[in-house]
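Q: Could you work out the structure for the sequence below:
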Amino acid sequence: MIKVAIAEDHQSLIDGIDLLLKYEEDITLVGTANDGKALLELIQEKKPDVILMDIKMPKIDGITATKSITAQHPNMGVIAFSMFDQEDAIQQMIAAGAKGYLLKNSPLEEVLTAIKAVHKGDTFFDKAIDPSYIAVQDNISSGKSLLSKSEREILTLIGQGKTTSEIAAIRFTAVSTVEKHRKNMIRKLGLSGKGELLRYALEKKYDF
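A: Numbering: from 1, shown residues only. From the prediction side, this is the model:
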């Protein structure tokens, strides 16, 4: 039995999904929450397998809630459930650990397909989403394996707020060498510049 929780601040949408799931023998709705804080409390009690996660929620937003859930409960599958198909929203949810992304205007049958896919350990993304948004984020998410040992060490220092000159001094190397590593990391991770590399380092906080 797949245990599902819904985080959504529109009760009519919750009611629609609830009605849909009542006809499913292998899926049960264990709880709903209208804000992120209530969701985190619900999860501790009900331990759902899959969570349908609205992004724009009161108290704690869906991105922050997803980060917390995937860090504490890595076996729980989060599916973003949103009206927004913007690149930034999609990539932030994937970076936070979401395994799927559905638009709220998707057919209800697609919700069932997504729940079952994520429960099996697969990913599921709405057909209306531009595949390039997902491909770029896949590169970012797998950054730890893409980067060399030196690049990972430099990325850690970048995340600590060190400048290029400071990193060069710490590593007893030339500034030009550090700059070369920066450019290589930006290329490998599919980023667009130094600002994105810093944001990546701060978000990932890898213990290299």
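Q: by contact count, what packs against the lengthiest helix in the chain?
A: Secondary structure assigned by DSSP state H gives helix 175-188 as the longest helix of the chain. Contacts of helix 175-188 with other secondary structure elements, assessed using 3 or more CB pairs under 8 Å, 6 or more residues apart in numbering; DSSP states H and E, are made with helix 149-159, helix 164-170, helix 194-204. C-beta here means a position set from N, CA and C on the backbone, and glycine is covered the same way.
Q: got a markdown table for these, with mean pLDDT, distance to residue 60 and mean neighbour count too?
A: Supplementary listing: the helices and strands packed on helix 175-188 in a markdown table, determined by pLDDT from 0 to 100; distance: least, CB to CB, whole Å; neighbours: other CB atoms under 10 Å:
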| stretch | mean pLDDT | distance to residue 60 | mean neighbour count |
| --- | --- | --- | --- |
| helix 149-159 | 87 | 24 | 18 |
| helix 164-170 | 93 | 35 | 16 |
| helix 194-204 | 80 | 17 | 15 |
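Q: wait, which of those is closest to residue 108?
A: For residue 108, the closest of the helices and strands packed on helix 175-188 is helix 194-204, at 33.3 Å, according to CB to CB.
Q: Next, the angle from that closest one to helix 175-188.
A: Interaxial angle, helix 194-204 versus helix 175-188 (axes from the mean of the first three to the mean of the last three CA atoms, to 10 degrees): 70 degrees.
Q: Helix 194-204 - contacts with which helices or strands?
A: Helices and strands touching helix 194-204, as assessed by 3+ CB pairs under 8 Å, 6+ apart, comprise helix 143-146, helix 149-159, helix 175-188.
Q: residues making contact with the longest one?
A: Around helix 175-188, the neighbours that count as contacts under CB atoms under 8 Å, 6 or more residues apart in numbering are 139, 143, 146-147, 150-151, 154-155, 158, 164-165, 167-168, 171, 191-194, 196-197.
Q: Can you give me the buried ones in it?
A: Along helix 175-188, the positions that meet the burial threshold by neighbour count (16 or more other CB atoms under 10 Å) are 178, 181-182, 184-186, 188.
Q: Quickly name whichever of those is closest to residue 88.
A: The shortest gap between residue 88 and any of these belongs to residue 186, at 18.2 Å (CB to CB).
Q: Roughly how far does the closest one sit from residue 82?
A: Using CB to CB, to the nearest Å, we find residue 186 at a distance of 28 Å from residue 82.
Q: just the strands in the chain please.
A: Under the criterion DSSP state E, strands of the chain are mapped to 2-7, 27-33, 50-53, 77-82, 100-103, 124-125.
Q: got the angle between the second one and strand 2-7?
A: If I follow you right, that is strand 27-33. With the same axes, to 10 degrees applied, the angle from strand 27-33 to strand 2-7 works out at 20 degrees.
Q: packing partners for strand 27-33?
A: The criterion is 3+ CB pairs under 8 Å, 6+ apart, and the helices and strands that strand 27-33 contacts are strand 2-7, helix 11-21, helix 36-46, helix 108-119.
Q: about what we covered before: quick one: average pLDDT of the longest helix of the chain?
A: Looking at helix 175-188 alone, the average pLDDT works out to 89.
Q: now it against helix 149-159, angle please.
A: Using the same axes, to 10 degrees: helix 175-188 against helix 149-159 is 90 degrees.
Q: Can I get helix 175-188 in PDB, CA atoms only?
A: Once side chains and other backbone atoms are set aside, the C-alpha atoms of helix 175-188 remain, and they are given as PDB (Å, rounded to 0.1, in the frame of the first residue of the first chain):
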ATOM      1  CA  VAL A 175      45.600  32.400  -9.300                       C
ATOM      2  CA  SER A 176      45.300  31.400 -12.900                       C
ATOM      3  CA  THR A 177      45.100  27.700 -11.900                       C
ATOM      4  CA  VAL A 178      42.100  28.400  -9.600                       C
ATOM      5  CA  GLU A 179      40.500  30.500 -12.400                       C
ATOM      6  CA  LYS A 180      40.900  27.500 -14.800                       C
ATOM      7  CA  HIS A 181      39.300  25.200 -12.200                       C
ATOM      8  CA  ARG A 182      36.400  27.700 -11.800                       C
ATOM      9  CA  LYS A 183      35.800  27.700 -15.600                       C
ATOM     10  CA  ASN A 184      35.900  23.900 -15.800                       C
ATOM     11  CA  MET A 185      33.400  23.600 -13.000                       C
ATOM     12  CA  ILE A 186      31.000  26.100 -14.600                       C
ATOM     13  CA  ARG A 187      31.200  24.100 -17.900                       C
ATOM     14  CA  LYS A 188      30.800  20.700 -16.300                       C
END
